[in-house]
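Asks: let's see this in three dimensions:
(chains A and B)
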Amino acid sequence: MDFEIPDELYYTRDDEWVLSEDDSVTVGVTDFAQQQLGDIVYVELPSVGDQLESEMAFGVIESVKAVSDLNAPVSGQVIAINEELVDQPEIINEECYGGGWIIKIKPSDEDEIETLLDADSYRKIISKRST
Amino acid sequence: MTALKRTPLYDAHQRLGARMIEFGGFELPVQYTSIREEHCAVREAAGLFDASHMGRIEFEGAAAIAAADGLFSRNLAGLEPGRVQYGLLCNETGGVVDDITCYRVSEESVFWCVNASNIEKDHRWILDHVASATGVHNASDETGLLALQGPASAAILSRVGAPDAAALRRFRFARMQVADCPAFVSRTGYTGADGFEIYLNSDNLPQVFEALLGEGEPLGLLPAGLGARDTLRLEAALPLYGHELDDETSPLAAGLERFVDLEVGGFIGADAIARDRDAGLDRRLVGFVLEERGVARAGCVVARAGETIGRVTSGGPSPTLGKSIGLAYVPVGVTEPGSGFQVVVRDRALQARVVETPFV
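Replies: Reported below is the predicted structural model:
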């Protein structure tokens, strides 16, 4: 199978992507994750203002058959959540890197972003798991 | 751990890009493209399932059939050739050993279609309760089973040389050629849709599978996996052994009294079930819909006023209704449609309402 893995993003081993901008990061799940999950039917989101520790579960994503935790890629405060996913969780299947973003975090430690995977490293991990 | 079994269609599933999972000791497709698409294909056109994991146990001769009758919850002696009945095998305490379909092939021949996870258990159960093993044969390995389900099923069968299938009524079956292979075609299924189950020699499975897929495609047929099989049977409120039924659960609590013939009786468990009926049940299986966002899954606690009153046995999204649905055992006081309770999903108590089943 082919998976879209944009070069400009960071990744986690939990199949999340991270877009780093000025003083916030946007988080979603990767093409690999959405294909593995299948038809997504429900996303449980945190509240704006919640404090997250990196690797802590901040939400849940459910497909018809599977339930998967969403884990914070970095520590910080939730500054936005994608409200559209409440009524239309299938957006994640349709455009996981665009309209299917999940939350935005204001990182408490900018250096944590550098500990995430780059696109090449993530590609290697995926190619091992999908064979 | 023993190796997973594969059906003769394993290569075909791989070629179709199926994602495989373990089920009942077999490696089977959970989905090809999308559970939702496969589900909707069955409701609107047709879906084709590899159900070859299901077991088949044959009874030949009067003595073997009499022994089968002594284990089956319905009156096998009154079942005419060409008819199929759903029923149960029960234990002495009235729990369910397995839920099965019973095919009367002729006066001298009967076979049972049994759950994959229970093939060995059922075979042992039979051998432990017959005077002689003569005439009892576990034909599971040499039998293949395809389930062609959905409103377009009869039209698809006519395109592969089996136009006679359309004349079968529900719960009837007949011998006929399907794609030039000998088969038993049965108007039954596990989806709540019209459709057929096609019993074949396992060697012929790939040929018939490919012919049905090819001829069915223009009519909207999709290959469908276990994921859709589960969402479909849940919408139809059909029980799944190990979820709604097990060795400790009464068929009456599961709402299966129609399939337990206590008037004729004479099968193992009949006395215990009759006692349960007379004593009255303390819990029953109900269907519910969630009135809040979320997904109820098997194992979730059912609560009322902060107290645990039951447990969800099956749950998930209903693609047809666009709601979360489920089945749960609850005390008899809260079984009426409209009754409310909460389903606890990851520490959140979600409001649920009892509804009539089937859900669709």
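Asks: so which residues of chain A form helices?
Replies: A:31-37, A:84-87, A:91-94, A:119-129 (DSSP state H).
Asks: just say which of those is most tucked in.
Replies: Across the helices of chain A, averaging neighbours per residue (mean count of other C-beta atoms under 10 Å in any protein chain shown) puts helix A:31-37 on top, at a mean of 21. (Each C-beta comes from the backbone N, C-alpha and C, glycine too.)
Asks: for that one, the distance to its chain's centre please.
Replies: Counting by C-alpha atoms, centre = their mean, to the nearest Å, helix A:31-37 is centred 11 Å from the centre of its parent chain.
Asks: could you give the average pLDDT over it?
Replies: The average of the pLDDT scores along helix A:31-37 is 95.
Asks: same question for stretch B:250-267.
Replies: Rounded mean pLDDT across stretch B:250-267 is 96.
Asks: first to last residue in that stretch, what's the distance?
Replies: End-to-end distance for stretch B:250-267, by C-alpha to C-alpha, to the nearest Å: 15 Å.
Asks: distance from that stretch to the middle of the chain?
Replies: With C-alpha atoms, centre = their mean, you get 17 Å for stretch B:250-267.
Asks: and for that stretch, what's in contact with it?
Replies: When contacts are defined by C-beta atoms under 8 Å, 6 or more residues apart in numbering or on different chains, stretch B:250-267 is touched by residues B:69-75, B:78, B:85-88, B:90, B:94-96, B:99, B:239, B:244-245, B:270-271, B:273-274, B:276-277, B:281, B:283-285, B:329, B:357.
Asks: which ones among those lie within strands?
Replies: Residues of the contacts of stretch B:250-267 located in strands (DSSP state E): B:85-88, B:90, B:96, B:99, B:283-285, B:329.
Asks: any idea which of these is closest to residue A:109?
Replies: Residue A:109 has its nearest neighbour among the ones in strands among the contacts of stretch B:250-267 in residue B:329, at 49.0 Å by C-beta to C-beta.
Asks: re the thing from before, filter the contacts of stretch B:250-267 down to the buried ones.
Replies: By neighbour count, with 16 or more other C-beta atoms under 10 Å in any protein chain shown, those hold B:69, B:71-75, B:85-88, B:90, B:94-96, B:99, B:239, B:244-245, B:270, B:273, B:276, B:283-285, B:329, B:357 as buried.
Asks: in the chain, where is pLDDT below threshold?
Replies: Looking at chain A here, since you left the chain open. A:1, A:130-131 (pLDDT under 70).
Asks: correction: the question concerned chain B.
Replies: For chain B, residues meeting the criterion pLDDT under 70 lie at B:1-2.
Asks: where do the helices of it begin and end?
Replies: B:10-15, B:35-44, B:62-69, B:119-129, B:153-159, B:205-216, B:226-235, B:270-279.
Asks: can you list the helices of chain A in JSON lines and add distance to residue B:167?
Replies: Formatted as JSON lines, the helices of chain A follow (distance: least, C-beta to C-beta, whole Å):
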{"stretch": "helix A:31-37", "distance to residue B:167": "43"}
{"stretch": "helix A:84-87", "distance to residue B:167": "46"}
{"stretch": "helix A:91-94", "distance to residue B:167": "42"}
{"stretch": "helix A:119-129", "distance to residue B:167": "50"}
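Asks: and of those, who's closest to residue B:128?
Replies: Smallest distance to residue B:128 across these (C-beta to C-beta): 43.5 Å, for helix A:31-37.
Asks: extract the C-alpha trace of stretch A:108-124 and format it as PDB.
Replies: Taking C-alpha atoms only, stretch A:108-124 is exported to PDB below (Å, rounded to 0.1, in the frame of the first residue of the first chain):
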ATOM      1  CA  SER A 108       5.800  24.600  26.700                       C
ATOM      2  CA  ASP A 109       9.300  23.400  25.500                       C
ATOM      3  CA  GLU A 110      10.200  24.200  21.900                       C
ATOM      4  CA  ASP A 111      13.100  21.700  22.000                       C
ATOM      5  CA  GLU A 112      10.700  18.800  22.300                       C
ATOM      6  CA  ILE A 113       9.700  19.200  18.600                       C
ATOM      7  CA  GLU A 114      13.300  18.300  17.600                       C
ATOM      8  CA  THR A 115      12.900  14.900  19.300                       C
ATOM      9  CA  LEU A 116      10.100  13.900  16.900                       C
ATOM     10  CA  LEU A 117      10.700  11.900  13.700                       C
ATOM     11  CA  ASP A 118      11.300  13.500  10.300                       C
ATOM     12  CA  ALA A 119       9.500  12.200   7.200                       C
ATOM     13  CA  ASP A 120      12.300   9.800   6.200                       C
ATOM     14  CA  SER A 121      12.600   8.200   9.600                       C
ATOM     15  CA  TYR A 122       8.800   7.800   9.700                       C
ATOM     16  CA  ARG A 123       8.700   6.300   6.200                       C
ATOM     17  CA  LYS A 124      11.300   3.700   7.300                       C
END
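Asks: nearest residue to the closest residue to chain A within the stretch 101-250 of chain B in space, please, no chain neighbours.
Replies: Nearest residue of the stretch 101-250 of chain B to chain A, counting by C-beta to the nearest C-beta: residue B:227, 5.2 Å away. Excluding its sequence neighbours, the residue lying closest to residue B:227 (C-beta to C-beta, 6 or more residues apart in numbering or on different chains) is residue B:35, at 3.7 Å.
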